[in-house]
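Novice: 3D, please:
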Amino acid sequence: MAGGTNKILAKNHQSLGVNTAIHAVQNIKENQGRLGVFWHTQGSGKSFSMIFFSQKVLRKLPGDYTFVIITDRDDLDDQIYKNFANSGVVTEREKTVRARSAEHLKQLLQEDHRYIFTLIQKFRIERGKIYPKLSDRSDIIVITDEAHRSQYDIFAQNMRNALPNAAFIGFTGTPLMVGEEKTRQVFGDYISIYNFKQAIDDAATVPLYYENRAAPLKLVNPRFNEDIYRIIEDAELDEDQEKKLERELSQDYYLLTRDDRLEDVAKDIVQHFVNRGFLGKAMVVSIDKATAVRMYDKVKKHWSAYMEELVAEAKQAKGAKQKELEKKIQFMKGTDTAVVISQAQNEVDEFHKKGLEILPHRKRIVKEDMDRKFKDPKDPFRLVFVCYMWITGFDAPSCSTIYLDKPMRNHTLMQTIARANRVFGQKANGLIVDYGDVFKDLRKALAIYGSDFGGGIKEGDTPIKDKEAQIEQLKQAIAEATAFCVERGIDPAKIQSAEGFERVKLLDDAVEAVLASDEPKRRYLALAIGLNKLYKAILPDVRANDFSPKRALFVVIAEKILSLTPKPDISEVIGAIESLLDESIEAEGYTVDSEDDLRIVDISKIDFDKLKGIFKRNRKNTVTESLVNAIESRLSQMVSLNRTRIDYMDKFQKMINEYNSGACDKDAFFENLLKFVKELNDEDKRGMKEGLSDEELAIFDLLTKPEMKLDNKELQKVKGVAKDLLRRLKEEKLVLDWRKRMQSRALVKLSIEDALDQLPRAYTKELYQQKCEIVYHHIFESYYGSGQSIYAQAA
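Specialist: Model (predicted):
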């Protein structure tokens, strides 16, 4: 993540898989160096599993191992090196561990490196010759990424000749196909399987759906797909291969890339991209480089035209419709688009011959970090045009849509569509918009999933489903939410047909019914979140209009419940609901205004008489929910500023537990909450009475709690110590990044020890040492340096 260090922990499937691989290393003699194939579906953390595996070998097993990480493309080699480097696993400079040639690889293997990165093509040799031995070390482990690819079959024997005593393990995101026997000969059989179904069930990835928006193609060659797969599958085409593609497919290639067809596709992409429910990033995948650039030009043209249409429409619109249009216009204005394709010799001339300009795109690719920009969810670079780059081994979790206009199948197809299966925020699923009729025969396109691989996969199961399945899921979700409401005396149809104040009252009654206890509240919010995600996921499908009224009703009830929370931004559930009260809901005639505003923002300003009055007007559940949320919010802040207040948190939780267990009724619980609010308000004012700021009070409490027998003179002395210590630390010691430097930490510790040495004699040597540790821990946790602290954030 930008701006900080994050700890990556292995998930269960990674831990199990890595431990199995470790066992294989321990039995190298028995398996003859074939450690196995590690199939974990794309998006489930395969790259980190490689890191976990190699690091555990180095930490746990005796030996001086070197890992040779092999990929088959420059961009993948670059990416996997960065993954290891960014994780702190590889600390050497890039040029010292990435092999530039076979000779350089041989040199690196003779040196002392834990990790070496190279391309499979380094094992190329002239036909009829035997690849020379690079090293006879037996402590080399070769890790290959996407071990099923044809390149590995071609160079398998060469790798064995080069490293005769090495062990081999293959990592892949897709299963091996029947016929990939050479892959098994090099790596062995599966040692760990974590398939797409398991990953979705565990929420390690999101499900994938496809929508066929392809215009029928009248192809001349009935073997078109087979021919095109033969030429482009599993390879990035160079200039000669692209010419071969055009030549061999001739008229059929023309049909796929003809100008009027690309115009239609470009126009559809613009309207679909802008009108989606979840506005994640997207990729447009074309058949070759020239078509990718051509699609970019056409999308830009239709982008401008569509924005002009929206601007004209917004001028005539009013109310909710106008807001919705203005929101789309701003999204379009703020969206950056770009082409990302690999460089080739004489590309400027070659593109000119086709009436295209590559130079502006090349300048951006060279000067800007396009990889980082697209991966950053906050960066406006939201739509990228590609053909080979980024469709495998590229991880951008915020990418939710793939516009596929390129014939693909099996490994390459699965690698490409998996760019959209990463978990991110409120992304319900990834969507593949199919313009190339790839999914016309789904079983044929993904024949690699034709067998039973365990984990619940049955014959015919595939990692992607028709969008129709989502429509059915939305129907089911609305039916479940309706049944839930009816069981609790809520009549959704009656609320929908009501108007004005009657509708407001019925909505308030619905909220009161849902808040009868914590369980139905959680259940209802889960249902509302689920159906809202599904609704947004099917947009811009016109069938969404059929579900809009009911969706709006259920979402408004959820929003009214969540509005009782003082600070919605601190609630994970609020984030899940997203902007529930959006323009489409406003257009349905719903508001969340009611006669009584029950949202309590500040418990110190509660009008107790007014609150009691509303409580008695048959709004007991709603008032209590609002009060509990307000207390929880304030108490959480108070404890974060002063950890000695944890007793208040315990007392509050005990009150809730007693109510939930039935030990007291709603009226008694409400009275207990009001008394507790008064206690918290008194505690909030205690610092002022003691003549201490919040920061000084926190240190004073750490020094005096648990309660000590101190007279007034001694208490005043402790206050002076607390004030003096804080002043000296803030003025002299708490510099920028002080927590990261050992010397700075030692100076802070010494200042604390010096200051606390002035405490009264009642503090024994043992107690003094305890207090020094406690206060240092508080300072370390609360003050970041250079004026930054939890207190500055709370101000």
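Novice: quick one: contacts of stretch 536-547?
Specialist: Residues from elsewhere that reach stretch 536-547, judged by Cβ atoms under 8 Å, 6 or more residues apart in numbering: 209, 211, 271-272, 275-278, 428-429, 431, 467, 470-471, 474-475, 478, 535, 578. (C-beta placed from N, C-alpha, C; glycine too.)
Novice: These in helices, which ones?
Specialist: Among the contacts of stretch 536-547, the members found in helices (DSSP state H) are 271, 272, 470, 471, 474, 475, 478, 535.
Novice: Give me the nearest residue to the fifth one, chain neighbours excluded.
Specialist: Counting by Cβ to Cβ, 6 or more residues apart in numbering, the nearest residue to residue 474 once its immediate chain neighbours are dropped is residue 534, at 4.3 Å.
Novice: Give me the number of neighbouring residues for that neighbour.
Specialist: If you count neighbours by other Cβ atoms under 10 Å, residue 534 ends up with 24.
Novice: same thing with the one 3 residues further on?
Specialist: Using other Cβ under 10 Å, the number of residues around residue 537 comes to 26.
Novice: thinking the residue nearest to residue 474 is in contact with residue 475, fair?
Specialist: No. Here residue 534 does not reach residue 475: they are 9.3 Å apart, not a contact under Cβ atoms under 8 Å.
Novice: mind checking how far residue 608 is from residue 671?
Specialist: Using Cβ to Cβ, to the nearest Å, residue 608 is found at 11 Å from residue 671.
Novice: the more surrounded of those two?
Specialist: Taking other Cβ under 10 Å, residue 608 and residue 671 do not tie; residue 671 has more neighbours (13 against 10).
Novice: Can you report phi and psi for that one?
Specialist: Dihedral angles of residue 671 (phi, psi; degrees, to the nearest 10) stand at phi -60, psi -40.
Novice: In terms of pLDDT, where does it sit?
Specialist: pLDDT for residue 671: 94.
Novice: Ok, residue 565 next?
Specialist: pLDDT at residue 565 comes out at 75.
Novice: where exactly do the helices run in the stretch 651-795 of the chain?
Specialist: Ranges of helices in the stretch 651-795 of the chain, per DSSP state H, counting those that start in this stretch, are 666-690, 694-704, 712-728, 742-756, 765-782, 790-794.
Novice: Please list the residues outside stretch 664-678 that contact it.
Specialist: 603, 606, 608, 611-612, 615, 620-621, 623-624, 627-628, 631, 651-652, 655, 658-659.
Novice: ok, now with 7 Å
Specialist: 603, 606, 608, 615, 620, 624, 627-628, 631, 652, 655, 658-659 (Cβ atoms under 7 Å, 6 or more residues apart in numbering).
Novice: Dump the residues you listed to a markdown table, plus distance to residue 729 and pLDDT.
Specialist: As requested, those are arranged in a markdown table below (distance: Cβ to Cβ, whole Å; pLDDT from 0 to 100):
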| residue | distance to residue 729 | pLDDT |
| --- | --- | --- |
| 603 | 32 | 74 |
| 606 | 36 | 79 |
| 608 | 41 | 80 |
| 615 | 47 | 85 |
| 620 | 49 | 90 |
| 624 | 43 | 91 |
| 627 | 38 | 91 |
| 628 | 37 | 92 |
| 631 | 32 | 92 |
| 652 | 32 | 95 |
| 655 | 37 | 94 |
| 658 | 42 | 91 |
| 659 | 43 | 90 |
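Novice: and of those, the nearest to residue 410?
Specialist: residue 628 (54.3 Å; Cβ to Cβ).
Novice: In this protein, which residue is most central in space?
Specialist: residue 424 (3.0 Å; Cα atoms, centre = their mean).
Novice: just to revisit the earlier point, which one of the helices of the stretch 651-795 of the chain is the most hemmed in?
Specialist: With neighbours defined as mean count of other Cβ atoms under 10 Å, the helices of the stretch 651-795 of the chain peak in mean count at helix 694-704, which reaches a mean of 21.
Novice: got the contact list for that helix?
Specialist: Outside helix 694-704, the residues touching it (Cβ under 7 Å, 6+ apart) are 641-642, 644, 687, 690, 692, 710, 718-719, 722-723, 725-726, 771, 774-775, 778, 791.
Novice: domains for the chain, by residue range?
Specialist: 12-194, 208-464, 470-587, 603-690, 694-794 (automatic domain parsing).
Novice: Start and end of the second one, how far apart?
Specialist: End-to-end distance of domain 208-464 (Cα to Cα, to the nearest Å): 5 Å.
Novice: before we move on, what about the first one?
Specialist: With Cα to Cα applied, domain 12-194 spans 11 Å between its terminal residues.
Novice: For residue 380, give me its contacts.
Specialist: Contacts for residue 380 (Cβ under 7 Å, 6+ apart) come out as 334, 335, 336.
Novice: neighbour-wise, which of those residues leads?
Specialist: Neighbour-wise, the contacts of residue 380 (other Cβ under 10 Å) top out at residue 335, 16 neighbours.
Novice: hang on, that one packs against residue 381?
Specialist: No. Counting by Cβ atoms under 7 Å, residue 335 sits too far from residue 381 to count as a contact (8.3 Å).
Novice: quick one on the thing from earlier: so which of the contacts of stretch 664-678 would you say is closest to residue 748?
Specialist: For the contacts of stretch 664-678, the nearest to residue 748 is residue 652 (33.3 Å; Cβ to Cβ).
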